[in-house]
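Q: Just the structure for this:
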Amino acid sequence: MSDTFRALRLHKTDAGQEARLEDLTPADLMDGDVTVRVEHSTINFKDGLALTGRSPVVRVWPLIPGIDFAGVVESSSHAGFAPGDRVVLNGWGVGETHHGGYAQRARVRGDWLVKLPQGLTSAQAMAIGTAGYTAMLCVLALEKQGVTPDRGDILVTGAAGGVGSVAIALLAKLGYRVVASSRRKESEGGYLTGLGAAEVIDAAEFQGPARPLGKERWAGAVDAVGSHTLANVLSQTRYGGVVTACGLAQGLDLPASVAPFILRGVVLAGIDSVMRPAPDRVEAWDRLARDLDLARLSAMTSRATLADLPRLAGDILDGKVRGRIVVDVDG
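A: Numbers count the residues shown, from 1 in each chain. Coordinates of the predicted model:
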């Protein structure tokens with residue numbers, strides 16, 4: 001192992017915080033029983049919050065952010081992992097309270113890792129990242145609640161973002177008719193239909209206060225937006241439908257009525273990706289390897305380096321990032 005490695009590290013300053021590209025040593029890493037040579041990372045909405053400081057995501061200073069990484073095990077005292085194993089990590093407080101993926105090395109608890117399924121490279125794993133892994137958890141929740149393709153349309157909100165893009169590609173391949181909601185309908189319509197959306201609608205339809213019950217439109221939904229959007233989606237969900245909620249881009253509030261739950265038996269399924277138990281993680285990654293069209297994954301993916309991340313952080317929070325970004329930590 002090299003004595004030094006490159007990392008993007010956040011420091012607390014009098015003015016707030018600052019991101020610095022630095023050369024670190026293994027002594028700078030935190031405790032863990034597995035050391036990974038990181039090959040790729042990515043940027044998610046939460047990473048944008050951490051890098052900009054717009055929300056108090058980072059709780060330990062200084063800290064290497066990045067809630068995802070994929071790479072190769074270099075050393076391990078964990079029974080489940082050996083040098084040479086290809087692994088992926090999502091969540092578990094990494095990039096928040098424990099050094100994360102924006103570095104060429106990471107030392108973590110082996111219990112946080114998942115072996116990368118055959119057929120996926122580390123770059124593809126990070127093209128998926130927490131956003132895509134969360135999308136898969138949403139799809140699994142729809143399936144487990146009995147929402148099959150013959151039940152009707154599935155709405156995906158925030159469709160041009162990371163969760164939305166992967167959710168569309170997954171659902172389309174599985175045979176669902178997907179309706180994509182985007183505030184960038186005109187500019188992103190072709191992109192979204194290319195991923196498999198059958199129809200693209202304007203997110204403005206979901207912006208105002210929700211009626212207790214609206215016209216029944218959706219057999220299910222994947223919502224990464226929250227607030228008024230989620231409230232409107234719930235009010236329009238068909239009898240027995242299922243809405244998976246995994247994001248809060250519009251806000252933490254839910255100005256909704258209990259009417260959809262009581263009068264239509266609608267299920268609101270909360271999707272947590274950070275502390276998800278290992279069996280669920282393995283199932284999600286195995287399904288991603290099997291069910292995600294890698295050509296569509298490539299079409300939604302762009303590339304970046306560690307030096308690009310401070311700029312991209314603001315872009316992702318402002319809704320200017322399309323699809324997924326793979327970060328080459330060696331670039």
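
Q: by contact count, what packs against the host helix or strand of Ala221?
A: Using DSSP states H and E, Ala221 falls within strand 218-223. On a contact count with 3 or more CB pairs under 8 Å, 6 or more residues apart in numbering; DSSP states H and E, strand 218-223 meets helix 122-144, strand 154-156, helix 162-173, helix 227-235, strand 237-245. All C-beta atoms are positioned from the backbone trio N, CA, C, and that covers glycine.

Q: Now render those as TSV, adding mean pLDDT and distance to Tyr102.
A: What follows is these, written out as TSV (pLDDT from 0 to 100; distance: least, CB to CB, whole Å):
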stretch	mean pLDDT	distance to Tyr102
helix 122-144	97	12
strand 154-156	98	28
helix 162-173	97	17
helix 227-235	98	29
strand 237-245	98	28
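
Q: among these, which is nearest His99?
A: Among the helices and strands packed on strand 218-223, the nearest to His99 by CB to CB is helix 122-144 (16.4 Å).

Q: So for the closest one, what gets flagged as buried?
A: Across helix 122-144, burial judged by 16 or more other CB atoms under 10 Å covers 122-142.

Q: Can I get that helix in PDB, CA atoms only?
A: Below are the C-alpha coordinates for helix 122-144, written out as PDB (Å, rounded to 0.1, in the frame of the first residue of the first chain):
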ATOM      1  CA  SER A 122     -16.900  -0.600  -9.800                       C
ATOM      2  CA  ALA A 123     -17.600   2.200 -12.300                       C
ATOM      3  CA  GLN A 124     -21.100   0.700 -13.000                       C
ATOM      4  CA  ALA A 125     -21.700   0.200  -9.300                       C
ATOM      5  CA  MET A 126     -21.100   3.900  -8.800                       C
ATOM      6  CA  ALA A 127     -23.200   4.800 -11.800                       C
ATOM      7  CA  ILE A 128     -25.900   3.100  -9.800                       C
ATOM      8  CA  GLY A 129     -24.700   4.400  -6.300                       C
ATOM      9  CA  THR A 130     -27.000   5.100  -3.400                       C
ATOM     10  CA  ALA A 131     -29.500   6.700  -5.800                       C
ATOM     11  CA  GLY A 132     -29.900   3.600  -7.900                       C
ATOM     12  CA  TYR A 133     -29.700   1.200  -5.000                       C
ATOM     13  CA  THR A 134     -32.500   3.300  -3.400                       C
ATOM     14  CA  ALA A 135     -34.500   3.100  -6.600                       C
ATOM     15  CA  MET A 136     -34.200  -0.700  -6.500                       C
ATOM     16  CA  LEU A 137     -35.400  -0.800  -2.900                       C
ATOM     17  CA  CYS A 138     -38.400   1.200  -4.100                       C
ATOM     18  CA  VAL A 139     -39.100  -1.300  -6.900                       C
ATOM     19  CA  LEU A 140     -38.800  -4.200  -4.500                       C
ATOM     20  CA  ALA A 141     -41.300  -2.500  -2.100                       C
ATOM     21  CA  LEU A 142     -43.800  -2.100  -4.900                       C
ATOM     22  CA  GLU A 143     -43.300  -5.800  -5.900                       C
ATOM     23  CA  LYS A 144     -43.700  -7.000  -2.300                       C
END
